[in-house]
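>>> Here's my sequence, what's the structure:
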Amino acid sequence: LHLMGDVSTTIEALKAADIRLRESGDTAAFKVRSQIAKEISAVKKVQVADVVGIYSKLEMLEEDVAKLNVFLPYSGKAKDQQQARETASEDIKSTDDINDVLNNVLVEIEGIVTIKRLDTPVNAILSPQQKAFITEQLSTKLVIVKLALVQHDDVLYQAGIADVQQWLSKNFTNDAAYKNFNSELEQLKKIKIRSNFPDISQSLKMLRNIAKLRLDSDMASQPVVDTKPLTKPDSQDAQ
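Okay, here's the model as predicted:
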């Protein structure tokens, strides 16, 4: 229960222990079985997080990473840029109308350059490799969150989500895709994956001390003997 957080298996194990004790026919096991019943009841009250559902949401977020826009601008592949320049050059040679030339060049530039309005000044232009690294890092951080989830490590789970959000705000544009992504993270952050599990060790302690329980059981089953000392009758009673 405490190592894996597996409530279902814990309940089945306690039930199996109760069956073994019942089949033993040992009268001393009655108190142990009574304690097991209390522990089963306590475990059933534990609210378990939907690990499968949370895992599925994290996988969906991994797929949505590709939809996020990196905050800093990044250059395209050199090959694509060269092809665009060659196409523009061919268009210039093939027409004598200056207006047509300008229109063709503008079309090519529109395909290469995307103008965005940024709230903060741009200090660098990322390479394609740097852009890929930023995206992959976000996916890696989500994998760490999934690992913490399956291990029922609530501390690592919360720290992992906080790390994802910090990387998100630092490197990606705050647009609609960003807001949807962060909203999902906020919902996942509210979930407590590891509950406060009850102490179910008392039945095991009692079982290990079964010899004392047998002694107590035997003493309880013996008839009560009057050990009051006999007194001599007085002279009047004797007469």
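
>>> for Pro57, helix, strand, or coil?
Residue 57: Lys, not Pro. State at Lys57, reduced to three classes by DSSP: H, G, I helix; E, B strand; the rest coil: helix.

>>> neighbours around the residue lying closest to Lys192 once chain neighbours are set aside, how many?
Distance criterion Cβ to Cβ, 6 or more residues apart in numbering; nearest residue to Lys192, sequence neighbours excluded, is Asp154 at 6.2 Å. C-beta: built from backbone N, CA, C; applies to glycine. When neighbours are defined as other Cβ atoms under 10 Å, Asp154 has 17 of them.

>>> Surely Asp154 touches Arg194?
Yes. With contact defined as Cβ atoms under 8 Å, Asp154 reaches Arg194; the gap is 4.0 Å.

>>> Report the set of residues contacting both of these two.
Contact criterion Cβ atoms under 8 Å, 6 or more residues apart in numbering; residues shared by Asp154 and Arg194: none found.

>>> got the residue ranges for the helices in this structure?
Under the criterion DSSP state H, the chain contains helices at 7-24, 29-44, 51-64, 78-93, 98-112, 128-150, 154-171, 176-189, 202-208, 210-221, 235-238.

>>> Out of the ones you listed, flag the one nearest Phe71.
Nearest of the helices of the chain to Phe71, taken as Cβ to Cβ: helix 154-171 at 5.6 Å.

>>> Flag every buried residue along the closest one.
Of all the residues in helix 154-171, those buried under the rule 16 or more other Cβ atoms under 10 Å are Asp154, Leu156, Tyr157, Gln158, Gly160, Ile161, Val164, Gln165, Trp167, Leu168, Asn171.

>>> again, but for stretch 14-26
Across stretch 14-26, burial judged by 16+ other Cβ under 10 Å covers Leu14, Ala17, Asp18, Leu21.

>>> Please report how far the residue lying closest to the second one once chain neighbours are set aside lies from Ile193.
Right, the one you point to is Ala17. Using Cβ to Cβ, 6+ apart and skipping residues adjacent in sequence, the residue nearest Ala17 is Ile36, 6.1 Å away. For Ile36, the distance to Ile193 equals 27 Å [Cβ to Cβ, to the nearest Å].
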